[in-house]
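Engineer: show me the folded form of this:
(3 chains)
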Amino acid sequence: MNRIIKIIFLDILKNKIVLAYTLILALLSWSSFGLEDNSAKGLLTILNVILFTVPLVSILFATIYLYNSSEFIELLLSQPVKRKKIWLSLFLGLSLSMVAAFFIGAGIPLLVNAPDSVGIMMVIVGCLISIIFVALAFLSSILTRDKAKGIGIAIMTWLYFALLFDGLVLFLLFQFSEYPIEKAMVAVTAFSPIDLARIQILLQLDVSAMMGYTGAIFKDFFGTAIGLMVSFMFLCLWAIIPFYISLKKFKNKDL
Amino acid sequence: MKNIIFFFLLFSFFLQAKVIEVGINKPLKSIKKAIALAKVDDTILVYKGIYKEGNISINKKITFLGISYPTLDGQKKYEVLSIKADGVIVQGFKVINSGYGTLEDPCGIKVYNRKNVVIQNNILDNNFFGIYIQNGTNCIIKNNKIKASGKQEQLIGNGIHCWKSDSLQVTANTISGHRDGIYFEFVTNSVIWRNISTHNVRYGLHFMFSNDDAYISNVFKNNGAGVAVMFTRRVKMFNNYFEENWGDAAYGLFLKEISDSYIIGNKFSRNTSGIHMEGTSRILVEKNIFEANGWGMKIQASCMENIIKNNNFVGNTFDISTNGSLVLNTFDGNYWDKYEGYDLDKNGVGDVPFRPLSLFAVLTENNPSAMLLFRSFMITLLDKSEKILPSITPDNFIDKTPLMHSLSL
Amino acid sequence: MIEIKNIYKKFGKLEVLSDVNLTFNKGKCVALIGPNGCGKTTLIKSVLGMVIPSKGDILFDQKSILNKYKYREQIGYMPQIGRYPDYMTVGQIIEMMKKIRNSDAVLDEDLIKAFELEKIFDKQMRTLSGGTTQKVSATLAFLFNPDVLILDEPTAGLDPLASEILKEKIIKEREKGKLILITSHLLSELDDLISEIIFMQDGKVHFHKTVHDLLQTTNEQRISKAIASILKSKQ
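Structural biologist: Numbers count the residues shown, from 1 in each chain, chains lettered A, B, ... in the order given. Next up is the predicted model:
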């Protein structure tokens, strides 16, 4: 397995898009930390990067890469290599390179400029989001043979989690504001990895507001150790389940 | 220097007045007997030991000194020390375990309708009320360490409780674990200076119907609900620290029905709300730092003619929030770290006005659960478009001269 | 060596293989022929595990291949259209395959020499012509000295010279007692190569005969003629 991961990892590293992604992240992070004397603006910039850019690049790049390596997959399949191994190697190779790009581009400036709980939480969550959207890319690319369709599904997935889902939640919040829906809303966030990630960062970034006024729902769930663990468990599930489904499908795929 | 003068005065005092010693190794072992023996202007010296004498009442003008903190134990049954004479000095005692009661408010040390009483350098542990000044005038409460471990509001009294008094000085005390750290009701012309009030169950400072007071350079940190100042006129709040008061109804500083007052040079840091204002008028909020609060200031629609100028708002989740659309307050020359305008003429003042009220602050005011969506891309978009074309937020809620750089405060 | 038992395969509603039963033995060179879309490639891919049959079983050395992969160490496969990662060079591809196989068997580099692949080792795959790509595919199929060779239209796109080299190589390997499976349209190419012939039509095996049998029953000298006469007599 290691041999194949190595081959894939090296192949991705040679890819100019990953290089550009890393550079852009680094440029954005360093400059936004450098502009102000406090780290707040830099943190906000990186927060938006984590919630917006990282998912988009991860899912798009991974989907396109998977379609482009269909030849490679076919080649490997005629060789004495397990299907599971091929798919897992691709996943690990892609996740690893996306995480590496995020870590080098945004993680290092974060840890240098904000070496506190906020910075660390952002690095962890950013890496998780990278992996989750790579996993979603695997799912979207296994659903259809058509490259254009697959990329379309990937973009729709991203759009849904980055934008539409929040719109839906906002709508629900105001539609049912007369009812005690706080707890239900907490449960609803589990359905979007971006929301889970965002709330974990918020709890560190806006701790005063989060622990206070609107506290009840946050403090009683997300603020506790159990809440933290449950949130991270859900984030991990968001990576594992899409990949697992895609693996099941890949095992029975005809090439 | 001060100490030398003090001891010199004390020494000269001894010359003319009698000194009565109380201690385990002394002929006199009872404080109560010593007080009975003493005459006006005498000094009673109490040596180290534990004295369980029930309620000790001082009914003549004496100096009551503890050497190496002798312990006065109320055994959870009695008010430990009652002062019922003018000009009494109580110094150097460790007062513990006052009784508990909801009708009588038993205290560690209580002053009954007296003047010129000095209570200083004492340690008060585990009392229902710490120090209680009832109808006192010109009293000094200084350098006391007052501690309790209250969990519920109903089961614990206040650290320093002053009622219907005038010209008090409350200086350099540390108070923790009481219901309210310092409580002022109907107290006038007094000063609260350099106290540290932390971890109290309700308020660090609770202040009602107390006109013409000043509180200066105090630290209020991590109290259940911060500091409340209510129904008062002409109060001055200078250079205090309000920190880490977190909770559903916790405020760095809660103002209700306050007028003609000054809030200058304070620092509000990491509170759920820095300042919460209700029905206040003609207040000057100047040169304060609002830093890393959930809400920098919450200004309810019932406030008017307040001036908020030359403050720094840095790293707050929301700088300002309000519950209405009427704006009768003035914002002027503040530094807002969320300001994104420009300064073409380089005069240090932004060329476009700043709207400190964000759309989302208004949304969460109506629907607190919406906080769940804060900083999501969707909300950021809404906020930006609202900043350009205000539709929900009042359009005169505005700082016309936002500063480009933070003030050095 | 390879037994195909009651294989069915459907792509959606389209039935590509229907109840195929075949046995291939060592030392044989089997040609798989039939019109376009008759299921030849699907059958080969099923043996390789690239296509998973809807029903039935395939045995390799008496063991089922379903969900197995180890048996592929003994198969060399040359696809009809070789598809390789665009940006890898010929040399990198060969190196990568060596790494993936990780076998300690003696490498058979005859074809590298015969096709003079060393000269183009540093060329990227996307720059190669169809014929050259086929040369690479053929080389990879023979490289690890497998017991079974599966060649899908091996000579299509090759120039006559290369095609001749490949044929010679196939004969050489057959002599070593290997099983060789070939699909082809060009019946004339097969004459001196093959020992058995399978004719497929509409996903079914039409007949499976030795070349000797076939020529005898039809009284023909050449395979192409023999097939033609069989097809005629059917109509």
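Engineer: any weak-confidence spans in the chain?
Structural biologist: By default, I'm working from chain A. Along chain A, segments meeting pLDDT under 70 span A:1, A:36-38, A:210-219.
Engineer: please refer instead to chain C.
Structural biologist: In chain C (pLDDT under 70), the answer is C:235.
Engineer: if I look at B:Ala34, what pLDDT would I see?
Structural biologist: With respect to pLDDT, B:Ala34 has a value of 92.
Engineer: give me the element it is part of.
Structural biologist: According to DSSP states H and E, B:Ala34 maps onto helix B:31-37.
Engineer: roughly how far is the helix or strand just after that helix from the heart of the chain?
Structural biologist: Per DSSP H and E, the first helix or strand lying C-terminal to helix B:31-37 is strand B:43-46. Relative to its parent chain, strand B:43-46 has a centroid offset of 33 Å by Cα atoms, centre = their mean, to the nearest Å.
Engineer: coming back round to it: show residues contacting the helix holding B:Ala34.
Structural biologist: Helix B:31-37 has contacts (Cβ atoms under 8 Å, 6 or more residues apart in numbering or on different chains) with B:20, B:22, B:28, B:44, B:46, B:51, B:53, B:56-60, B:62, B:72. C-beta: built from backbone N, CA, C; applies to glycine.
Engineer: let's see that with 7 Å instead.
Structural biologist: Applying Cβ atoms under 7 Å, 6 or more residues apart in numbering or on different chains, the contact partners of helix B:31-37 are B:20, B:22, B:28, B:44, B:46, B:51, B:53, B:56, B:58.
Engineer: show me what contacts the residue in chain C that chain B sits nearest to?
Structural biologist: Proximity of chain C to chain B (Cβ to the nearest Cβ) peaks at C:Tyr87, 34.9 Å away. Residues near C:Tyr87 by Cβ under 7 Å, 6+ apart: C:Gln124.
Engineer: and what about it, helix, strand or coil?
Structural biologist: coil (DSSP: H, G, I helix; E, B strand; the rest coil).
Engineer: how much space separates it from A:Ser69?
Structural biologist: 11 Å (Cβ to Cβ, to the nearest Å).
Engineer: what's the answer for B:Pro402, then?
Structural biologist: 53 Å.
Engineer: B:Leu403 now?
Structural biologist: Counting by Cβ to Cβ - B:Leu403 and A:Ser69 are separated by 55 Å.
Engineer: which stretches of the stretch 1-150 of chain A form helices?
Structural biologist: A:2-14, A:16-35, A:40-48, A:54-68, A:70-77, A:83-102, A:108-113, A:117-143, A:147-159 (DSSP state H, counting those that start in this stretch).
Engineer: meant to ask about chain C, not that
Structural biologist: Along chain C, counting by DSSP state H, helices occupy C:40-48, C:90-101, C:110-114, C:130-143, C:160-175, C:211-218, C:223-234.
Engineer: including mean neighbour count and distance to A:Arg198, could the ones you listed go into JSON lines?
Structural biologist: As requested, these are exported to JSON lines (neighbours: other Cβ atoms under 10 Å in any protein chain shown; distance: least, Cβ to Cβ, whole Å):
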{"stretch": "helix C:40-48", "mean neighbour count": "23", "distance to A:Arg198": "46"}
{"stretch": "helix C:90-101", "mean neighbour count": "18", "distance to A:Arg198": "41"}
{"stretch": "helix C:110-114", "mean neighbour count": "17", "distance to A:Arg198": "56"}
{"stretch": "helix C:130-143", "mean neighbour count": "22", "distance to A:Arg198": "48"}
{"stretch": "helix C:160-175", "mean neighbour count": "16", "distance to A:Arg198": "60"}
{"stretch": "helix C:211-218", "mean neighbour count": "15", "distance to A:Arg198": "71"}
{"stretch": "helix C:223-234", "mean neighbour count": "15", "distance to A:Arg198": "68"}
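Engineer: and these as JSON lines, adding distance to B:Gly130?
Structural biologist: Output for these, formatted as JSON lines (distance: least, Cβ to Cβ, whole Å):
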{"stretch": "helix C:40-48", "distance to B:Gly130": "87"}
{"stretch": "helix C:90-101", "distance to B:Gly130": "78"}
{"stretch": "helix C:110-114", "distance to B:Gly130": "94"}
{"stretch": "helix C:130-143", "distance to B:Gly130": "89"}
{"stretch": "helix C:160-175", "distance to B:Gly130": "100"}
{"stretch": "helix C:211-218", "distance to B:Gly130": "111"}
{"stretch": "helix C:223-234", "distance to B:Gly130": "111"}
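Engineer: hang on, the earlier thing: also within reach of chain A: list those from the contacts of helix B:31-37.
Structural biologist: Near chain A, judged by Cβ under 7 Å from any Cβ of the partner chain, there are no entries from these.
Engineer: which of those residues lies closest to chain C?
Structural biologist: Closest to chain C, out of all of these and judged by Cβ to the nearest Cβ, is B:Tyr51, at 87.4 Å.
Engineer: distance check, the closest one against B:Lys32.
Structural biologist: Taking Cβ to Cβ, one finds B:Tyr51 at 9 Å from B:Lys32.
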